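Engineer: This is a predicted model, with the sequence first.
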Amino acid sequence: MAKVLNFGSLNVDHVYTVEHFVRPGETISAKKLELFCGGKGLNQSIALARAGAEVYHAGAVGAQDGDALLATLERAGVHTELIQKLQTESGHAIIQVDANGQNSILIYGGANRMICREWVEDVLSRFSEGDFLVLQNEINCVRELIELAHARKMKIACNPSPIDESVQQLPLEDCDYLIVNEVEGQALCPDAAAGELLSRLHTKFPHSAVLLTLGADGARYLAPGMNEPIKQAAYRLPVKDTTAAGDTFMGYFIAKISNGYTASEALQFASAAAGIAVSRDGAEASIPTYAEVEAMLCEK
Ligand code: RIB
C-alpha cells in the first residue's frame with residue numbers, strides 16, 4: 001500500500017449560522033456559533049484516513065492552540081509526527097453558513113503560512129517513488145513541494161483551492177491528479193466556454209488526470225489516454241452545510257486510488273462520502289466513516 005503524505009493546512013473553524021451572508025456595511029446577529037477542527041488539509045487527511053489510506057499529515061500549528069487539531073487527526077488514525085508546533089497562532093477560518101446550507105469562508109493563515117523550504121526537504125526525504133503527495137493552496141511553499149516531490153517521482157494530487165493569482169505560477173503540469181471545481185477550473189482556463197471546461201483542462205494539462213467536481217451535478221474524470229470522460233452522478237441528500245464536501249470527495253478519491261482501486265470505483269466512494277458530508281454540520285465532523293459510505297453505496 002502506497003503511503004500518502006498530505007502537506008496541508010490545519011484551521012480552527014469558527015462557524016456562524018446566519019439567515020444570509022453579511023453584506024457590505026451591514027451588521028447581523030448569528031443564530032449560533034460552533035468551533036470545529038478544519039482546514040482543507042486537515043479535512044482531507046481525515047477523509048483519507050477514514051477511507052483506509054495510510055496518511056501522514058505535515059504542516060504547522062501554533063504551540064499554544066494547536067493541540068486539539070493534532071488530537072483530532074490522531075483520533076482518525078492520521079500520523080502527526082510531521083506537524084511542527086510554532087510560536088505563533090494556528091490558522092483559523094471564519095465561516096458563515098446560511099439558511100440554504102451554503103457557506104462563505106474567510107481564512108487567516110497563521111502557522112499554515114510559515115512553512116520553510118528546509119522543512120519541506122526534510123519531510124519529503126522520508127517518502128519515495130510511488131508514494132502520494134496531497135496538496136491544497138492554504139499553505140506557503142506549494143511550488144517547492146510540487147517541484148521536489150516530482151523530482152522524487154512521487155504521485156502528486158493537487159486541489160488548488162482557494163484559487164488565487166499564486167496558483168497561476170505553480171507547475172501544475174507536474175501534478176498526476178488535478179482536482180478542481182468549476183470556479184477553479186475556469187480560473188485555470190479563463191477562455192473555456194460552458195461545457196468545454198473539462199476538455200480544455202485536459203488539453204492544458206496533458207499529463208494529469210483531471211477530476212472536475214460539479215456539486216449537485218456530480219463529477220467528471222478525464223485522464224491521459226482516455227477519449228471519453230467518466231461521469232459520476234452526485235448522491236443527493238438534504239443539504240445542511242456544504243463545508244468540507246470537496247475535501248471529503250478528494251480524500252476518499254485519492255485514498256481509493258492509492259489503494260489500487262479504479263477511477264470509477266474511487267469516484268463512487270468519493271461521491272457517496274461527499275453526499276453524506278453535505279447532510280451534516282461542520283467540516284471534519286461531517287466526514288463519514290467508511291462503514292457509513294459502504295452502507296450508502298449498498299442502498300443505491
Ligand atoms: O474546505 C473547507 C475548509 O476551508 C474549512 O474547514 C476552512 O478551514 C477552510 O480552510
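Structural biologist: Sure thing, it's come through. Residues are numbered from 1 along each chain as shown.
Engineer: Report the separation between whatever residue of the chain ends up closest to the ligand and residue 139.
Structural biologist: Closest to the ligand within the chain is residue 38: 2.5 Å, counting by Cβ to the nearest ligand atom. Heads up, the C-betas are built off the backbone N, CA and C, glycines and all. Remark: distance between residue 38 and residue 139 (Cβ to Cβ, to the nearest Å) = 14 Å.
Engineer: just residue 298 next, same as before
Structural biologist: Distance from residue 298 to residue 139, by Cβ to Cβ: 37 Å.
Engineer: thinking again about what came up before, residue 38 and residue 139: which has the busier surroundings?
Structural biologist: Per other Cβ atoms under 10 Å, whichever of residue 38 and residue 139 has more neighbours is residue 38, with 32 against 26.
Engineer: Could you tell me which residues of the protein lie near the ligand?
Structural biologist: 9, 11, 13, 38-40, 43, 93, 105, 107, 138, 243-244, 247, 283 (Cβ under 6 Å from any ligand atom).
Engineer: Kindly indicate the member of those with the most neighbours.
Structural biologist: Within the residues of the chain next to the ligand, residue 43 tops the neighbour count with 34 neighbours, counted by other Cβ under 10 Å.
Engineer: Isn't it up against residue 249?
Structural biologist: No - look at residue 43 against residue 249 with Cβ atoms under 8 Å: they stay out of range, at 10.4 Å.
Engineer: sorry, back to before: take the residues of the chain next to the ligand and keep only those in strands.
Structural biologist: Members of these lying in strands (criterion: DSSP state E): 11, 13, 38, 93, 105, 107.
Engineer: Which one of those is nearest to residue 60?
Structural biologist: Taking Cβ to Cβ as the measure, residue 60 lies nearest residue 11 of these, at 11.7 Å.
Engineer: Apart from its neighbours in sequence, what residue is nearest the closest one?
Structural biologist: Nearest residue to residue 11, sequence neighbours excluded (Cβ to Cβ, 6 or more residues apart in numbering): residue 39, at 3.5 Å.
Engineer: Kindly provide the distance from that neighbour to residue 105.
Structural biologist: Residue 39 sits 11 Å away from residue 105, going by Cβ to Cβ.
Engineer: list residues touching both of these two?
Structural biologist: residue 93 (Cβ atoms under 8 Å, 6 or more residues apart in numbering).
Engineer: what's near enough to touch the closest residue to residue 239 other than its chain neighbours?
Structural biologist: For residue 239, ignoring the flanking residues on the chain, the nearest one in space by Cβ to Cβ, 6+ apart is residue 101 at 4.0 Å. Applying Cβ under 8 Å, 6+ apart to residue 101 gives the contacts 239-242, 278.
Engineer: all helices for the stretch 151-300 of the chain, in order.
Structural biologist: 165-168, 182-188, 197-204, 245-258, 263-278, 290-299 (DSSP state H, counting those that start in this stretch).
Engineer: how about the closest residue in space to residue 284 that isn't next to it in sequence, what does it touch?
Structural biologist: By the measure of Cβ to Cβ, 6+ apart, the closest residue to residue 284 outside its immediate chain neighbours is residue 37, 4.7 Å from it. By Cβ under 8 Å, 6+ apart, residue 37 lies in contact with 10-13, 68-69, 72, 283-285.
Engineer: gap between residue 37 and residue 173?
Structural biologist: Taking Cβ to Cβ, one finds residue 37 at 33 Å from residue 173.
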